[in-house]
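Visitor: Fold the following and give me the result.
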Amino acid sequence: MRVVVADTSPIFYLLAIGHVDILPRLFGKVLVPNAVRNELFHPTVSAAVHDWITGVPAWLVVTQVHAIDDVALQALDAGERDAIGLALSLHADLILIDERKGTAVALGKGFEVIGTLGILSLAARRRLIDLEDAFARLKRTNFRYRQGIMDELLNQLKDG
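Guide: Down below sits the predicted model:
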């Protein structure tokens, strides 16, 4: 099985739209650093997110990360930095991350990267969700997206 590490935002948004359950169906176990768990406890997140992370599901493995002295990671927030650091230490196969800077650093380190939109598209291709409905739910959150990317993913699903 692939080693998959996640940053905060894909988990947060999948929780927000009621589709976090696709992660174990797509990837089996997902590893997150303590910093991601802590970000999901932030005072600004909903009680539902707090409740979910309090009762961490068996497929989500919260892992301690030792600081990595890497200048490329310094400009990232704690969740991104520790997710990439964890991925480096475990020689992960995939990182789930949305933010541009974090994605660029992860790609620069040689990782395969997929964000929330890609996760939803993959789940739709495997017939786990309705992509149009998932995108409509995502639009009701504060997720930043480009409509063109959503349209392209919907078209690929229809054509495939």
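
Visitor: wait, isn't residue 84 in contact with residue 101?
Guide: No. Under the criterion of C-beta atoms under 8 Å, residue 84 is not in contact with residue 101, lying 10.6 Å apart. For the C-beta atoms, the positions are set from N, CA and C on the backbone; glycine is no exception.

Visitor: Do a quick rundown of the helices in the protein.
Guide: Using DSSP state H, the helices found in the chain span residues 8-16, 22-27, 34-40, 47-54, 78-90, 100-108, 116-125, 131-139, 147-159.

Visitor: residues in contact with the third one?
Guide: So that's helix 34-40. The set of residues external to helix 34-40 that reach it, using C-beta atoms under 8 Å, 6 or more residues apart in numbering, is 6-8, 11-12, 49-50, 52-53, 56, 62-65, 78-79, 81-83.

Visitor: give me that answer again for 7 Å
Guide: With contacts defined as C-beta atoms under 7 Å, 6 or more residues apart in numbering, helix 34-40 is touched by 6-8, 11-12, 49, 53, 62, 64-65, 78-79, 82-83.

Visitor: Give the buried residues for it.
Guide: Residues of helix 34-40 classed as buried under the neighbour-count rule (16 or more other C-beta atoms under 10 Å) are 35, 36, 37, 39, 40.

Visitor: Kindly report the same for the last one.
Guide: Of the residues in helix 147-159, those buried under the neighbour-count criterion (16+ other C-beta under 10 Å) are 150, 153.

Visitor: hang on, the earlier thing: in TSV, list the buried residues of helix 34-40 along with distance to residue 118 and pLDDT.
Guide: Formatted as TSV, the buried residues of helix 34-40 follow (distance: C-beta to C-beta, whole Å; pLDDT from 0 to 100):
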residue	distance to residue 118	pLDDT
35	22	93
36	18	94
37	23	94
39	21	93
40	21	92
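
Visitor: ok, so of the residues you listed, who is nearest residue 74?
Guide: Of all those, the one with the least separation from residue 74 (C-beta to C-beta) is residue 35, at 14.3 Å.

Visitor: What spatial separation is found between that closest one and residue 87?
Guide: For residue 35, the distance to residue 87 (C-beta to C-beta, to the nearest Å) stands at 13 Å.

Visitor: same deal with residue 96?
Guide: In this structure, residue 96 lies at 10 Å from residue 87, with C-beta to C-beta as the measure.
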